[in-house]
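pasting the sequence and the predicted coordinates here, then a few questions.
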Amino acid sequence: MGKKIFIDLSHPFGADIPLWPYFQKPVIDTMHGLAKSGVLSQKVTVVMHAGTHADSPRHVMERDFEGKRTRYTHELPVDAYCGLAICLDVKVSPWELITDRHRDEACARARFDPKELKNGMVLLLRTGTHLLYDDSKDYYHYSPGTGLRAGQWIEKYHPKCVAMDMQALDHPLHTAMGKNGPTQMNLPGRTGRPITQEYIDKYGIEQYAWFDREVFIQTFGMDRYMEEYGKLEKAGEWGTWEPCHKYMMGNGIVGIENIGGDLEKVVGKRFQFWCFPLRWYMGDGTMVRCVAEIDEAGINDAPDRVYKYGVI
């Protein structure tokens, strides 16, 4: 066994980090300065779902699939986000919906049997989107992402935690960036038209329907909708709204969004993954520092990540 080193898998935090489209930017105030007070102390006002962060089950569901109240952050085990891990290289295009097929292909490339995930493993998904991390439509509006099929795959193999290098644990059109949830921002894309219409123009109404409950029912009928999304609807959940989140959290599987840092150094590798949320009473998730502990000789030959978006 060689020398163990730590690889940072977190994006830097600061007042001007990229943010999910409806979040207010962090405010960092200096309460005491060295010149006047002899100490430096600062106050941070921030949405906890900023930058690299963990979701607890309570973030998206009132009750899990067994009908039990979902857990807040303080109710999770201290090692809920830690464990032996593998980072799968998911080959996907911008805006593509990641399915069970993508996961199976990634496992085959890594010569990894996904049944091992049931042994309390952490699954990291690398799509390369983390390299686009910025206040940009490329990173948010047009990110690839997971959905129903990926959520069902995670439920089947049941890792303890899943971390992704994208803006969310779901495709942007499965979120409020599209036409899901009470806010339904349906954000304008590069053409100035709503991203939902851009997607329809590019892929057709039948492909788009998987992101929109009403369109799915109009296109395929209620029986087909309940066949596909019925488990979520019977649990009192809006089926097309963040289905991968809910297939995870409803089964007690926690998640991490926006992993980054030097992720390229561990793609395709196995390692010990460390990640600890704040011990926050009734928390819905917190910003985290994610780290891979791995043999130095085993890392990929990748340059150190340099961030250029102005946070440091």
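Noted; the coordinates are in hand. Numbers count the residues shown, from 1 in each chain.

please count neighbours and contacts with C-alpha atoms only from this point.
OK.

assign the residue nearest to residue 235 when sequence neighbours are not counted to helix, strand or coil.
Among residues not flanking residue 235 along the chain, residue 65 sits closest, at 6.3 Å (CA to CA, 6 or more residues apart in numbering). Following DSSP: H, G, I helix; E, B strand; the rest coil, the label given to residue 65 is coil.

count of residues packed around residue 65?
Using other CA atoms under 10 Å, the number of residues around residue 65 comes to 19.

now swap in the one 4 residues further on and tell me
Neighbouring residues of residue 69 were enumerated by other CA under 10 Å; the total is 14.

roughly how far apart are it and residue 241?
Per CA to CA, to the nearest Å, residue 69 is found 19 Å from residue 241.

residue 197 now?
Residue 197 is 18 Å from residue 241, by CA to CA.

likewise residue 121?
In terms of CA to CA, residue 121 sits 27 Å off from residue 241.

which parts of the stretch 201-312 of the chain are strands?
Taking DSSP state E, counting those that start in this stretch as the criterion, the stretch 201-312 of the chain carries its strands at 254-257, 270-275, 285-287, 290-295.

of these, which approaches residue 187 most closely?
strand 254-257 (20.6 Å; CA to CA).

show me where the chain has helices.
For the chain, the helices defined by DSSP state H cover 34-37, 100-109, 148-157, 195-203, 205-208, 213-220, 222-234, 243-249.

figure out which of those is closest to residue 94.
Shortest distance between residue 94 and the helices of the chain, using CA to CA, is found for helix 195-203: 11.7 Å.

ok, residues contacting the closest one?
Contacting residues not belonging to helix 195-203 are listed as 141, 173, 178, 179, 186, 187, 188, 189, 191, 207, 208 [CA atoms under 8 Å, 6 or more residues apart in numbering].

neighbour count winner among residue 197 and residue 241?
The residue with more neighbours, out of residue 197 and residue 241, is residue 241; 27 against 17, by other CA under 10 Å.

contacts only, for that one.
174, 175, 176, 180, 181, 211.

let's see that with 6 Å instead.
174, 175, 180 (CA atoms under 6 Å, 6 or more residues apart in numbering).

likewise for residue 258?
Counted by CA under 6 Å, 6+ apart, residue 258 has contacts 52, 165, 166, 167.

how about these in a markdown table, adding distance to residue 25, neighbour count and pLDDT?
As requested, the contacts of residue 258 are exported to a markdown table (distance: CA to CA, whole Å; neighbours: other CA atoms under 10 Å; pLDDT from 0 to 100):
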| residue | distance to residue 25 | neighbour count | pLDDT |
| --- | --- | --- | --- |
| 52 | 15 | 27 | 98 |
| 165 | 21 | 27 | 98 |
| 166 | 19 | 30 | 98 |
| 167 | 16 | 27 | 98 |
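
could you dump those into JSON lines with distance to residue 246 added?
JSON lines is the format used below for those (distance: CA to CA, whole Å):
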{"residue": "52", "distance to residue 246": "19"}
{"residue": "165", "distance to residue 246": "18"}
{"residue": "166", "distance to residue 246": "17"}
{"residue": "167", "distance to residue 246": "16"}
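
looking at those, which is nearest residue 96?
When these are compared against residue 96 (criterion: CA to CA), the nearest one is residue 166, at 12.2 Å.

any idea what the closest residue to residue 267 other than its chain neighbours is bridged to?
Nearest residue to residue 267, sequence neighbours excluded (CA to CA, 6+ apart): residue 87, at 5.2 Å. Beta-bridge pairing of residue 87 under DSSP bridges involves residue 124.
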